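> quick one, what's the 3D model for this:
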Amino acid sequence: MVQDAIKTVPVYAFLYWRFFIATLLMFIISYKYLNQINKQTILYGVILGLFLFLGFATQTFGLTFTKSSIVAFITGLNVIIVPFVAYFLFKNHVRPMVVLGSVFAVIGLYLLTMSGKLAIGTGEILTIFCALFFALQILFTDKFSKKVNVFLLVLFQFITVTLLSLIFSLSLEEITFNINFDYTFLKAVLITSIFATVYAFLIQTYMQQFTTPTKTAIIFSMEPVSAGVFSYYMADEILNRTQVIGAIIIIFAVLLTEIKFKR
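Numbering: from 1, shown residues only. Below is the predicted model of the structure:
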């Protein structure tokens, strides 16, 4: 749906409308907590929003230089970046089975998403930064979600992405407000703002209080698997044998991270 929408609507304009609607919905959801707003909540929300926007921005620019399959694979490398950054930044202990699960997830991502030759160019470098920003968003969500109100944290994260998307759209694109509000655009923006933004990030932020950032990243590697399932039923796209094997390996990697050996 997003692919169809951005054929006629510029990317940052689409992001602006997506996060603007998400911000309005999140404001309604978090209304009763507004009296708990403080400088710490705003600061944490801005930091997370900055990481999130930079992830979207570098990924978008990366797509202009290289294939989407390569971008998908490199973005998914945050699954292996998270445990190591967590160790170096916060000295978080990472269990061997989680590291092994991360490796299997990367292998699965490669088989599922790669359809071209991987070379290091401008697009690939931008997407590496994208994976790093998404990894940082996961890591700092883990820290911040335990310190402030989760609903307000998500609200200010959305506000930040909305403002940055607006600034980029007004600076780089020809249209931002006077777009064609047709069925294709409205369907894409409403579904992504409600389900892929408000629901997804609220659940992520809330539940990261009860799990580790590394497990969160590995669970996120299920995204291309989910995309494959939806594209099969809704767009008649068929996964080849290699891609199916990649999807199975990713599911195995998620399960592997839950294994705990007792002495």
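
> dump the residue contacts of the most centrally placed residue in the chain.
By CA atoms, centre = their mean, the mean C-alpha position of the chain lies nearest to F134, the distance being 6.2 Å. Residues near F134 by CB atoms under 8 Å, 6 or more residues apart in numbering: F51, L52, G55, T75, N78. Just so you know, the C-beta spots here come from the backbone N, C-alpha and C atoms, and that holds for glycine as well.

> over to T160?
Residues near T160 by CB under 8 Å, 6+ apart: G45, V46, L48, G49, L50, L52, F53.

> ok, these vs G108, which is closest?
Closest approach between those and G108, by CB to CB: L52, at 24.5 Å.

> buried residues of the helix or strand containing that closest one, list them for me.
If you go by DSSP states H and E, L52 is part of helix 39-63. Of the residues in helix 39-63, those buried by neighbour count under the rule 16 or more other CB atoms under 10 Å are 41-42, 44-63.

> got it, and stretch 167-186?
Buried residues in stretch 167-186 (16+ other CB under 10 Å): F168, S169, E173, T176, I179, T184, F185.

> now the second one. Nearest residue, chain neighbours left out?
Translated: S169. Y12 (3.8 Å; CB to CB, 6 or more residues apart in numbering).

> please name every helix or strand in contact with the helix or strand containing that neighbour.
If you go by DSSP H and E, Y12 is part of helix 11-29. Judged by 3 or more CB pairs under 8 Å, 6 or more residues apart in numbering; DSSP states H and E, helix 11-29 is in contact with helix 39-63, helix 150-172, helix 183-193.

> who wins for proximity to I203 among those?
Per CB to CB, nearest to I203 of these: helix 150-172, 9.7 Å.

> let's have the buried residues of stretch 167-186 in CSV, adding distance to Y233 and pLDDT.
Shown next, in CSV, are these (distance: CB to CB, whole Å; pLDDT from 0 to 100):
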residue, distance to Y233, pLDDT
F168, 34, 94
S169, 33, 95
E173, 33, 92
T176, 34, 94
I179, 29, 90
T184, 19, 90
F185, 23, 93
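
> okay if I get the helices and strands packed on helix 11-29 as JSON lines plus distance to T127?
Formatted as JSON lines, the helices and strands packed on helix 11-29 follow (distance: least, CB to CB, whole Å):
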{"stretch": "helix 39-63", "distance to T127": "4"}
{"stretch": "helix 150-172", "distance to T127": "18"}
{"stretch": "helix 183-193", "distance to T127": "20"}
